[in-house]
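> I'd like to go over a predicted model; first the sequence, then the structure.
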Amino acid sequence: MDTGGRVTQEQLPRGLKFIGNKFMSLKHIAVAEILMDVEKELRDLQLWEFESPSEEALASTQPFAIDTLNFPQWLQFMFIPRLYMMVEQRMPLPSVSGVKPMAEEYFQVLNLNSAALILHLERMDNLLSTQ
């Protein structure tokens, strides 16, 4: 079959997918899907905020911005946007992730059904921590 010199999905190396007019790794696609799941859970738990924290709060250099944000704010305003940007720009993804333990620590004292959110964060940790 003549494809007019274009590469078809079937001709791509394993682990790549053609999205629009660019190639995207299956890992990037999986990260984007998990980010959507994390956002959905934050919304379902009514933890999604409509106003962004101050620029100063977002400029924190502490892990998880623990000095200026609560954990759901960090997920919404730092973790999710940074990973989406990396996916959209097809940048190398982090090779290690350890978000689940922080989520477990944060949510253990709250009366919220956060199991699904923690599961999605564990999926992200596992995905990013595998080669």
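Received it, and whenever you're ready, just let me know what you need.

> wait, what's in contact with residue 99?
Shown here is residue 99, whose contacts under the criterion Cβ atoms under 8 Å, 6 or more residues apart in numbering are 75, 79, 121, 124, 125. Glycine gets a C-beta too; all of them are placed from N, C-alpha and C.

> before we move on, what about residue 73?
With contact set as Cβ under 8 Å, 6+ apart, residue 73 has these partners: 49, 53, 57, 65.

> can I get those residues in TSV with distance to residue 40?
Formatted as TSV, the entries for the contacts of residue 73 read as follows, by distance: Cβ to Cβ, whole Å:
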residue	distance to residue 40
49	15
53	21
57	24
65	22
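
> which ones among those map onto strands?
Secondary structure of the contacts of residue 73 is defined by DSSP state E; no position falls in strands.

> what subset of those is buried?
Among the contacts of residue 73, those buried by neighbour count (16 or more other Cβ atoms under 10 Å) are 53, 57, 65.

> next, format the residues you listed as TSV and append distance to residue 99 and pLDDT.
Formatted as TSV, the entries for those read as follows, by distance: Cβ to Cβ, whole Å; pLDDT from 0 to 100:
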residue	distance to residue 99	pLDDT
53	19	97
57	19	96
65	13	96
